[in-house]
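**Student:** fold the stuff below for me.
(2 chains)
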There are 2 protein chains.
Amino acid sequence: MQFSEEIIARHMRPITGSAIREIFKLLGKPGMISFAGGNPSNAALEPEVISEIAREALGKYGAQLLQYGATEGFGPFLESAREFLKGAGVSAGPGELLPVQGGSQAWDLLLKAVIEPGDAILAESPTFLGALQAMRTYNAAVIPIATDDRGAIPEDVEEKIRKHRPKLLYVIPTFQNPTGVTLSLERRRALAELANRYGVVLAEDDPYRDLRFSGEPLPTIKSFDENGWVVYMSSFSKYVAPGLRLGAVVANPVLLRKMTIGKQSADVHSPLLIQAIVDGYLRKGLMPAHLERICADYRRQLGAMLNGFRYFPEGTRNTSPEGGLFVWAELPEGKNARELLETAVAKNVAYVPGTFFYVEGGHENTMRLNFSNAPVEDIEKGMRLLGEALR
Amino acid sequence: MQFSEEIIARHMRPITGSAIREIFKLLGKPGMISFAGGNPSNAALEPEVISEIAREALGKYGAQLLQYGATEGFGPFLESAREFLKGAGVSAGPGELLPVQGGSQAWDLLLKAVIEPGDAILAESPTFLGALQAMRTYNAAVIPIATDDRGAIPEDVEEKIRKHRPKLLYVIPTFQNPTGVTLSLERRRALAELANRYGVVLAEDDPYRDLRFSGEPLPTIKSFDENGWVVYMSSFSKYVAPGLRLGAVVANPVLLRKMTIGKQSADVHSPLLIQAIVDGYLRKGLMPAHLERICADYRRQLGAMLNGFRYFPEGTRNTSPEGGLFVWAELPEGKNARELLETAVAKNVAYVPGTFFYVEGGHENTMRLNFSNAPVEDIEKGMRLLGEALR
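**Tutor:** Numbers count the residues shown, from 1 in each chain, chains lettered A, B, ... in the order given. Model prediction:
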């Protein structure tokens, strides 16, 4: 019998993952200024430091790092990750913290633990497209929730909880991907309260939190959690290195145990050498100075980008984030950011059309712009070229 | 609202993963001789070598190893993994090989790509319990297939394909976990033929293949695949180091693309540093001599274990594998390996009761014994103590 796509699960057939991939293929073009990715700056990465820590870890722990480990995590990393998260005001007791392959795996394991096909999930509109794709692989029904310049709107969340009885609510509260918007203090409290009142698991995806360039840090949603309905997802991708693929998720012990069982089947455990490297990084106390350095760079890059909006068509609205990696722009009605991408790429600038971040598509006049991965002079030039392309 | 387990997906609630965990907790007891794990020998692990290769890789590739990478894999590793698999007679064309977090993730991604709740999967009886647990997390219906001393019985496979219309057939053809049995040549051909005739995806899980101590290597099932229905799963866990969590899966491009999309959502990509380490290991040509050395050790350990069955109760039957990590024993009817474990542990020997490897449970007189993780003198002593415990 010829191989046929009919063997693929029905809900997986329409997931092609191609829209963004096609854009990323363009980025290899010489001279391209890319606002398309979500990468940290190469200058923020420290191969020599990581190399030295890897050497020390293998010297110290030897064969232990190469043998099978516990799904629950490598002891020293659990300890230092717990300590690190205290800085965000998140305290994780025994059986409440699990090492994961970046925030993506935290979300995948949460979906695996709770979702049955057809279950409803509420998510900000727009939201991170990787998270959207993961929800589709579990055949969940994604319900968009309204947002404004203070983030997700609690009244809309409550209405949709009553209407759709969702199991999960997915929120990126700090410097959101794609908008850069930060959820306000009162709304953090309100969302935690709703999750606890209605019995909805609130996934707080918070990988950009420590990339703050201005303003004051806000408490996590988790800090307002009364009965363990909030799951806190952190990652070292944006702070140390995405290529290492390491994050940490905090949940109540019942839920975390099911996520741990899911991870046991999915990949047994996170690589011990990687856990030991991030542990070494944290224990050496390298994080504070490192964050200070990259935030200083990113602040300048963000400034250059915000400044560059003067080249954009009149009537363009853009967010002014206090941190993170992204700025969001809404072009005047009638402009189509998906169609204009071709013109922009011809001028050697790339971005991600905003439509891909919406469950229902549309919103063709929106775009996501990343400022962390291009030097200031390229950002200035790129915004000027982009302005020309968009006129 | 108090947090309630009712939020957990119904099919996930009964999966507790505790049976084996409880046994593994006993292994920390001082002086314990463990036949329970599936670990390579600590003596087979090479922290200094890995440390040096990590240093070289970070020196050579720098920030590239710390940045985001493609889900499809790190170019140099794809090349060397492809070359390595040629040694097993598996040739992977473009878009046919994906790096994964060990064989476990290959299986998880295959389940994610094809399984809808209730879909049937055929698996050898007994089979690897990690694979069984993964099938349960996807809410599949697992149908056991009959096996004998030449592996899975094709007539039973065909009967059950006709009856249950499964999407998947899961087979560990070489030095099977838990039995150590190797699928015969004619049955390899027969299973490939059945998969292609009926349109069933055959997952060939082959992580022990190169741990052969005697006899001649057999062709893979994949080598008899006509139309791309066989998925070949390999891993570097048993050859280089399980703690690195790296394997490679080969499938036809349509299926591999869906598995790649699943991986994109699940963890974005495998850590680049780990891919670069295994790439370096392969490129330096370290594998052949390393396999020769560990196989020589494992051969002696296996010999000691087989020899130790003279202490076992009369009527015990055991397999005599030509490689791998495991021997399987059937005690005389009436003996209960689960109950006897307590007595054995009191004598400082541990094993895994065979019942856990059966979909339907039962088979209480069976046990799995691992010989790779204890020195020869401990194996001799352990088998004697175990014989006493079992009488």
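**Student:** chain B versus the residue nearest the centre of chain A, what's the distance?
**Tutor:** By Cα atoms, centre = their mean, chain A has its centre lying nearest to A:Pro207, at 5.6 Å. Separation of A:Pro207 from chain B (Cβ to the nearest Cβ, to the nearest Å) stands at 12 Å. Any C-beta I mention is one placed from the backbone N, CA and C, and that applies to glycine too.
**Student:** surely that residue forms part of a strand?
**Tutor:** No: counting by DSSP: H, G, I helix; E, B strand; the rest coil, A:Pro207 is not found in a strand; it is coil.
**Student:** could you point out the helix or strand that follows the helix ranked longest in chain A?
**Tutor:** Assignment by DSSP state H gives helix A:287-308 as the longest helix of chain A. Sequence-wise, the next helix or strand downstream of helix A:287-308 (DSSP states H and E) is strand A:317-318.
**Student:** okay, now the sheet partners of that following strand, with direction.
**Tutor:** Paired strands of strand A:317-318, with direction, are strand A:326-330 (antiparallel) (DSSP bridges).
**Student:** returning to that earlier point: what's in contact with the longest helix of chain A?
**Tutor:** Under the contact criterion Cβ atoms under 8 Å, 6 or more residues apart in numbering or on different chains, helix A:287-308 has outside partners A:35, A:40-41, A:43-44, A:46, A:84, A:210-214, A:239-240, A:281, A:318, A:320-321, A:323, A:325, A:327, A:369, A:371-372, A:374-376, A:379-380, A:382-384, A:386-387.
**Student:** quick check: PyMOL command selecting the buried ones in those.
**Tutor:** Here is the PyMOL command that picks out the buried ones among the contacts of helix A:287-308, judged by 16 or more other Cβ atoms under 10 Å in any protein chain shown:
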select buried, chain A and resi 35+40+41+44+46+84+210+211+212+213+239+240+281+318+321+323+325+327+369+371+372+374+375+376+379+380+382+383+384+386+387
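**Student:** circling back to that earlier point, surely the residue nearest to the centre of chain A and A:Gly103 touch.
**Tutor:** Yes: in this structure, A:Pro207 is within contact of A:Gly103 by Cβ atoms under 8 Å, at 5.0 Å.
**Student:** give me the common contacts of those two.
**Tutor:** Contact criterion Cβ under 8 Å, 6+ apart; residues shared by A:Pro207 and A:Gly103: A:Met233, A:Ser234, A:Ser235, A:Ser237, A:Gly247.
**Student:** helix, strand, or coil at the first one?
**Tutor:** Applying three-state DSSP to A:Met233 yields a three-state assignment of strand.
**Student:** which SSE is the residue lying closest to it once chain neighbours are set aside in?
**Tutor:** Distances taken as Cβ to Cβ, 6 or more residues apart in numbering or on different chains place A:Ala106 nearest to A:Met233, at 4.1 Å, with adjacent residues excluded. For A:Ala106, the host element (DSSP H and E) is helix A:102-114.
**Student:** next, the angle from whatever helix or strand comes next after that helix to helix A:102-114.
**Tutor:** Once helix A:102-114 ends, the next helix or strand along the chain (criterion: DSSP H and E) is strand A:120-124. Calculated by axes from the mean of the first three to the mean of the last three Cα atoms, to 10 degrees, strand A:120-124 forms an angle of 150 degrees with helix A:102-114.
**Student:** and A:Pro76, that's in a helix?
**Tutor:** Yes: using three-state DSSP, the assignment for A:Pro76 is a helix.
**Student:** tell me who's in contact with it.
**Tutor:** A:Pro76 makes contact with A:Gln275, A:Ala276, A:Asp279, A:Arg283, according to Cβ under 8 Å, 6+ apart.
**Student:** ok, A:Val249 next?
**Tutor:** A:Leu97, A:Leu98, A:Val100, A:Ala106, A:Leu109, A:Leu110, A:Val231, A:Tyr232, A:Met233, A:Ser234, A:Leu256, A:Met259.
**Student:** now neighbour count and pLDDT too, for the residues you listed, in a markdown table please.
**Tutor:** Formatted as a markdown table, those follow (neighbours: other Cβ atoms under 10 Å in any protein chain shown; pLDDT from 0 to 100):
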| residue | neighbour count | pLDDT |
| --- | --- | --- |
| A:Leu97 | 25 | 98 |
| A:Leu98 | 27 | 98 |
| A:Val100 | 28 | 98 |
| A:Ala106 | 29 | 98 |
| A:Leu109 | 28 | 98 |
| A:Leu110 | 28 | 98 |
| A:Val231 | 29 | 98 |
| A:Tyr232 | 26 | 98 |
| A:Met233 | 26 | 98 |
| A:Ser234 | 28 | 98 |
| A:Leu256 | 23 | 98 |
| A:Met259 | 26 | 98 |
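**Student:** and which of the residues you listed is nearest B:Glu22?
**Tutor:** Proximity of the contacts of A:Val249 to B:Glu22 (Cβ to Cβ) peaks at A:Leu256, which lies at 18.8 Å.
**Student:** in terms of helices and strands, where is the closest one?
**Tutor:** Following DSSP H and E, one finds A:Leu256 within helix A:253-267.
**Student:** what is that helix packed up against?
**Tutor:** Helices and strands touching helix A:253-267, by 3 or more Cβ pairs under 8 Å, 6 or more residues apart in numbering or on different chains; DSSP states H and E, are strand A:97-100, helix A:102-114, strand A:247-250, helix B:102-114, helix B:129-137.
**Student:** is it possible to export the ones you listed to JSON lines including distance to A:Leu183?
**Tutor:** Putting the helices and strands packed on helix A:253-267 into JSON lines (distance: least, Cβ to Cβ, whole Å) gives the following:
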{"stretch": "strand A:97-100", "distance to A:Leu183": "23"}
{"stretch": "helix A:102-114", "distance to A:Leu183": "17"}
{"stretch": "strand A:247-250", "distance to A:Leu183": "18"}
{"stretch": "helix B:102-114", "distance to A:Leu183": "31"}
{"stretch": "helix B:129-137", "distance to A:Leu183": "32"}
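**Student:** quick one: closest of these to A:Leu185.
**Tutor:** The nearest among the helices and strands packed on helix A:253-267, by Cβ to Cβ, is strand A:247-250 at 20.5 Å.
**Student:** and the shared contacts of A:Pro207 and A:Gly103, which two are furthest apart?
**Tutor:** By the measure Cβ to Cβ, A:Met233 and A:Ser237 form the most distant pair in the shared contacts of A:Pro207 and A:Gly103, at 11.3 Å.
**Student:** shared neighbours, these two?
**Tutor:** When contacts are counted by Cβ under 8 Å, 6+ apart, the set common to A:Met233 and A:Ser237 consists of A:Gly103, A:Pro207, A:Gly247.
**Student:** give me the buried positions along the helix holding A:Ala106.
**Tutor:** Across helix A:102-114, burial judged by 16+ other Cβ under 10 Å covers A:102-114.
**Student:** and if you look at stretch A:161-168?
**Tutor:** Buried positions in stretch A:161-168, judged by neighbour count with 16+ other Cβ under 10 Å: A:Ile161, A:Pro166, A:Lys167, A:Leu168.
**Student:** now do stretch A:358-370
**Tutor:** Quick answer for stretch A:358-370 (16+ other Cβ under 10 Å): A:Tyr358, A:Val359, A:His363, A:Glu364, A:Asn365, A:Thr366, A:Met367, A:Arg368, A:Leu369, A:Asn370.
**Student:** so which of the helices and strands packed on helix A:253-267 gets nearest A:Tyr198?
**Tutor:** Within the helices and strands packed on helix A:253-267, the stretch nearest A:Tyr198 is helix A:102-114; the backing value is 14.5 Å (Cβ to Cβ).
**Student:** which elements pack onto that closest one?
**Tutor:** When contacts are defined as 3+ Cβ pairs under 8 Å, 6+ apart, helix A:102-114 sits against strand A:97-100, helix A:129-137, strand A:168-171, strand A:201-205, strand A:230-235, strand A:247-250, helix A:253-267, helix B:253-267.
**Student:** how far does the last one sit from the chain's center?
**Tutor:** The gap between where helix B:253-267 is centred and where its chain is centred comes out at 21 Å by Cα atoms, centre = their mean, to the nearest Å.
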